[in-house]
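Trainee: Quick one: sequence plus predicted model below, questions after.
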Amino acid sequence: MHSHHSHSGSFCQHAAGTLEEVVLEAIEKGFKVYGLSEHVPRYRERDLYPEEARSGVEKLGKQFDAYVVEAQRLKEAYADKITLLVGAETDFITDLDYSALHSLLDKHGDNIEYLVGSVHHVNERPIDFDRDTWQECLSSFSAGPTDGMDLDDEGEPPYTAYLSSYFDSQFTFMERYRPEIIGHFDLCRLYVPLMRLNNPKYEGVWAKVERNIDFAIGYGACFELNAAAFRKGWKDAYPGEDVLKLIISKGGRLCLSDDSHGPAAVGLNFHLLYDYMVRMGVRDLWHLERHDERNVAGRKVRAVQYNGDWKEDPFWSQFGPELERGL
């Protein structure tokens, strides 16, 4: 089995453990393909998270360079036990992130094998750091606070403008960089997991969701089924049911990610992910593999379909009775 999205305390200051410990845990859990995808550095001091502010922008850049070197070392060191793919998780805050990512990819060349295309900021504010900063982001789309939450003309938080901005940023990034993996597609509703993006009162939002899905399918991206949503309190993985149903109906490629932030989270809640996939009728899974020819983004990986019935993979047996609901 596989995962395409992971972090470690070596190179992410809100994660734990070393990168090698993450790799060893992935081997212990029986992963055949495991993607390493530390965050690309941010480039403005104002965008740093509190735990990063002490280090500064310059250190984040050096930290990422060190990650690529260590990831390549581990890829070779454990090649007989696991296929490690060396990637990077992206972000979009301002146009500076686009130009900086272009320089970063040029610098590291084929040592960065794939991208997890994620959006963690809207209107230049983080949306998944904590609830307070998420509410500040919402407030930036309307005027005048009401009990800590700005409201629109209908007495609700300005979700339509917020969601539209999120999906527009996601689309722009896909247009420019063609990420192989679409990271946590609907992270925008982290703190409102029961929100349905196809609700007609969010005028135009569902059309943007469909536009983004169509575009990603068009160039061959994979949508990750991201198990981190369960540890965030969701009953589903990312993406939620409404979005996942649309992806499946359009024939989109699905892959797996644990979005681990340390060895303790490698494969965490994959038994819940299994149940979710069975409940939603997921029939096919895909994963990345290296390839001699370059893909549409110019990187030497391609998506390949799991051969056989993914539910019968021996990987799942480690969860034992926890999977009885899905079998």
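Mentor: Structure's in. What do you need? Residues are numbered from 1 along each chain as shown.

Trainee: what ranges of the stretch 51-200 of the chain fall below the confidence cut-off?
Mentor: The model of the stretch 51-200 of the chain has pLDDT under 70 over residues 143-155.

Trainee: what ranges do the strands span in it?
Mentor: 83-89, 114-117, 121-122, 125-126, 145-146, 149-150, 181-182 (DSSP state E, counting those that start in this stretch).

Trainee: repeat for the stretch 201-327 of the chain
Mentor: Listed in chain order, the strands found in the stretch 201-327 of the chain under DSSP E, counting those that start in this stretch are 222-226, 253-257, 260-261, 286-290, 301-305.

Trainee: Name the stretch among these that sits most buried.
Mentor: Between the strands of the stretch 201-327 of the chain, strand 222-226 has the highest mean count of neighbours, a mean of 27, where neighbours are mean count of other Cβ atoms under 10 Å. Glycine gets a C-beta too; all of them are placed from N, C-alpha and C.

Trainee: as a whole number, average confidence for that strand?
Mentor: Averaged across strand 222-226, the pLDDT comes to 98.

Trainee: now do stretch 298-315
Mentor: What stretch 298-315 shows for mean pLDDT is 96.

Trainee: what does that stretch contact?
Mentor: 1, 29-32, 85, 110, 112-115, 180, 220-222, 253, 255, 274, 278, 282, 284-295, 326-327 (Cβ atoms under 8 Å, 6 or more residues apart in numbering).

Trainee: Likewise for stretch 167-181?
Mentor: 4-5, 35, 37, 87, 90, 92, 98, 101, 114-117, 119, 121-122, 182, 185, 188, 205, 208-209, 211-212, 215-216, 219, 221-224, 255, 257, 288, 295-297, 299, 301, 303.

Trainee: can you tell me how far the residue nearest the centre of the chain sits from Ser118?
Mentor: By Cα atoms, centre = their mean, the chain has its centre lying nearest to Gly183, at 2.5 Å. When distance is defined by Cβ to Cβ, to the nearest Å, Gly183 is 3 Å away from Ser118.
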